[in-house]
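Engineer: can you look at this prediction? I've put the sequence above it.
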Amino acid sequence: MRILLLERDQAEIQGIEWYLKNYFSSGMQFSGLTDVMELERMLNSFEPTILMLDVALVTVHVEKLLKNRLLHIICFTAQPFFQHAMKAISLQAKQLFVKPIPLEQLKSTLMTLPTPESTISFANQTQTDAQMYVDLFLNSPEIIHSTQSKFILIEPSNFDANLQLYHWLIQSPIFSELTAFPLQKRILCLISGQEQAQFGKNLRLVIQEWHMMTGEFLNIAIYDGMDATLRDMYTEAKQVLTQRFYKGYEHVFLTSESISLSHLDPLLTPEQQQLWITSLEEGNLSAVKQFLYKLSEPNRFYPQEEVRIHLTSVLAQIRRFMLKHHLQQQVKVEHHYRQLFSLILDEPILYTIVQEMIFFTQSVLTFAKSARMQQLTDYSELAIEQIEKLYSNSSLSLLLVAEKLRITPNYLSQLFSKRQGVTFKRYLQQYRVQQAEKMLLETDYPISEIAEMNGFVDSNYFIKVFREHTVLTPYKYRKTYQL
């Protein structure tokens, strides 16, 4: 890349030169001039690939000089007049900037311009690709010396943009000596002629500029081991890129800095299953977050496949909760559930999965709460139906009824008290006593049998409870009111 800048202000020239050289320290030559009369000489001697100039300096003579020249033109103007825009169009300028010059946009524009130095001929590129294919996939024994070429593997967040990334890289002026080989999801690169400090800086620049241009992200792996074959370098670099699952994008990884993995039981333990059941029933989102965030703690990593299976086990618990409350009938919830299932299997970033699971769980709890509010009377009435049906069973309890209704005892207890005004136990005693009253008046069964037929195993306890509700003992009640 050879840049020629025609600008009246020498200070402006120096500022732009410093800025561009700070980014394009290799493979870029820069020259500036303030006198338009020197333009023809510089075009012939310097042979720029890019000309930047103030449109106010463009005369008929300048237009003739630039006609039919193979170079990219970028124009500036101090005032956004229509005539200046038309002049930039007549020069076929790639861009027209209004002063003060937006240096970040100027840099991005320069990076999109292909240059002869960065454009490899088709024949040479085909030959290079063929050789790299042999070295990589057929495991050529040829050793690559790290002192001569630096090996990097670039992985985009959007695999569909891989070809676009490849073309951008080979045309970019960031690396003057770059050999690139596009794969299905990554781009393999060998880079020469770079000092270590500038090399790392340029890799960061690649990540930054790609994001500014496309809105997408990159990860880059650098092979920093001993001299090795291309295939061995690729294998190690590909492995270190799996850290994306834990750390996300916009990282430069070194193959020497691998991470250690801890074992994770893919399936939930009975204790963990109970934790999820309780948390969902009680609407305890904090417990849900605490559980999920443990999977993405810094400096603690688990094998990807184990994590994904573990999360599908969690999703199974959420699914049971959904079915219990008939939330699968909610189209929005069901659609979100299916999306989340696919996300757990395919999403490359763990943090994204965790956040989406928290959001989905919160949504499920909100829908469940709404469903419960609509069914408050139903659950209490269903519990009363169970009491009326099973009151003679001495083992009838809040726990038994809750199991039959598929809700937690704690939830049923709170719900029943709220809707009926008495506790479940008190209501059950009242109902048993009421049935006993009828039998005392309508039959001649012994009190012990009446007690047993109404769920009281102990006659003395029956007498005590009966007196609490009627003030009288069963014997006195029968004697007083039986006709």
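Structural biologist: On my side now, so go ahead.
Engineer: burial measure for the closest residue in space to residue 251 that isn't next to it in sequence, as a count.
Structural biologist: Take residue 251 and drop its neighbours on the chain: the residue closest to it by Cβ to Cβ, 6 or more residues apart in numbering is residue 219, 5.3 Å away. Yep, even glycine has a C-beta here, placed from its N, CA and C like the rest. Residue 219 is flanked by 23 other residues according to other Cβ atoms under 10 Å.
Engineer: and residue 219, how far from residue 161?
Structural biologist: 14 Å (Cβ to Cβ, to the nearest Å).
Engineer: re the thing from before, quick one, phi/psi of the residue nearest to residue 251?
Structural biologist: The phi and psi values for residue 219, taken as degrees, to the nearest 10, are phi -120, psi 150.
Engineer: from now on call the first residue 13
Structural biologist: Sure thing, new numbering starts at 13, so read that last one as residue 231.
Engineer: my read: it touches residue 254, true?
Structural biologist: No. Assessed by Cβ atoms under 8 Å, residue 231 is found out of contact with residue 254, at 10.0 Å.
Engineer: list the buried residues of the helix or strand harbouring residue 422.
Structural biologist: Assigned by DSSP states H and E, residue 422 falls within helix 421-432. Within helix 421-432, the residues that count as buried by 16 or more other Cβ atoms under 10 Å are 423, 424, 425, 427, 428, 431.
Engineer: correct me, but the second one touches residue 414?
Structural biologist: The reference is to residue 424. Yes. Taking contacts as Cβ under 8 Å, residue 424 lies within contact range of residue 414: 4.5 Å.
Engineer: about what we covered before: and the residue nearest to residue 263, what does it touch?
Structural biologist: 166, 167, 253, 256, 261, 262, 263, 264, 265 (Cβ atoms under 8 Å, 6 or more residues apart in numbering).
Engineer: go again with 10 Å.
Structural biologist: 165-169, 198, 219, 252-253, 255-256, 259-265, 360 (Cβ atoms under 10 Å, 6 or more residues apart in numbering).
Engineer: would you mind checking those residues for buried ones?
Structural biologist: Buried among the contacts of residue 231 by 16+ other Cβ under 10 Å: 165-169, 198, 219, 252-253, 255-256, 259-261, 263, 265, 360.
Engineer: what's the burial count for residue 405?
Structural biologist: Residue 405: 11 neighbours (other Cβ under 10 Å).
Engineer: so, low pLDDT: which residues of the stretch 363-495 of the chain?
Structural biologist: In the predicted model of the stretch 363-495 of the chain, residues 385-390, 495 satisfy pLDDT under 70.
Engineer: name the nearest of the buried residues of helix 421-432 relative to residue 460.
Structural biologist: residue 428 (30.2 Å; Cβ to Cβ).
Engineer: excluding chain neighbours, what is closest to the closest one?
Structural biologist: For residue 428, the spatially nearest residue (Cβ to Cβ, 6+ apart) is residue 436, at 4.8 Å.
Engineer: just confirm the one you found contacts residue 409, I think it does.
Structural biologist: Yes. Counting by Cβ atoms under 10 Å, residue 409 is a contact partner of residue 436 at 8.5 Å.
Engineer: who has more neighbours, these two?
Structural biologist: Neighbour totals were compared for residue 436 and residue 409, and residue 436 leads with 23 against 15 (other Cβ under 10 Å).
Engineer: which residues does the more buried one contact?
Structural biologist: With Cβ under 10 Å, 6+ apart, residue 436 has these contacts: 392, 395-396, 399, 409-411, 413-414, 421, 424-425, 427-429.
Engineer: closest one to residue 227 out of these, please.
Structural biologist: For the contacts of residue 436, the nearest to residue 227 is residue 427 (49.5 Å; Cβ to Cβ).
Engineer: ramachandran angles for residue 16?
Structural biologist: Torsion angles, degrees, to the nearest 10, at residue 16: phi -120, psi 130.
Engineer: surely it is in contact with residue 53?
Structural biologist: No. At 11.0 Å, residue 16 does not count as touching residue 53 under the criterion of Cβ under 10 Å.
Engineer: pretty sure residue 191 belongs to a strand, no?
Structural biologist: Yes. Using DSSP: H, G, I helix; E, B strand; the rest coil, the assignment for residue 191 is a strand.
Engineer: can you count the residues close to it?
Structural biologist: 18.
Engineer: who's it bridged to?
Structural biologist: Beta-bridge pairing of residue 191, defined through DSSP bridges, involves residue 202.
Engineer: surely it meets residue 160?
Structural biologist: No. At 11.8 Å, residue 191 and residue 160 do not qualify as touching, with contact defined as Cβ under 10 Å.
Engineer: overlap in contacts, these two.
Structural biologist: By Cβ under 10 Å, 6+ apart, the residues touching both residue 191 and residue 160 are 202, 204.
Engineer: backbone torsions only: list them for residue 110.
Structural biologist: Per degrees, to the nearest 10, the backbone of residue 110 is at phi -90, psi 130.
Engineer: now it: how far from residue 226?
Structural biologist: Distance from residue 110 to residue 226, by Cβ to Cβ: 25 Å.
Engineer: which one of those two has more residues nearby?
Structural biologist: Comparing residue 110 with residue 226 by other Cβ under 10 Å, the one with more neighbours is residue 226, at 16 against 12.
Engineer: surely the more buried one meets residue 176?
Structural biologist: Yes. Using Cβ under 10 Å, residue 226 is in contact with residue 176, at 7.5 Å.
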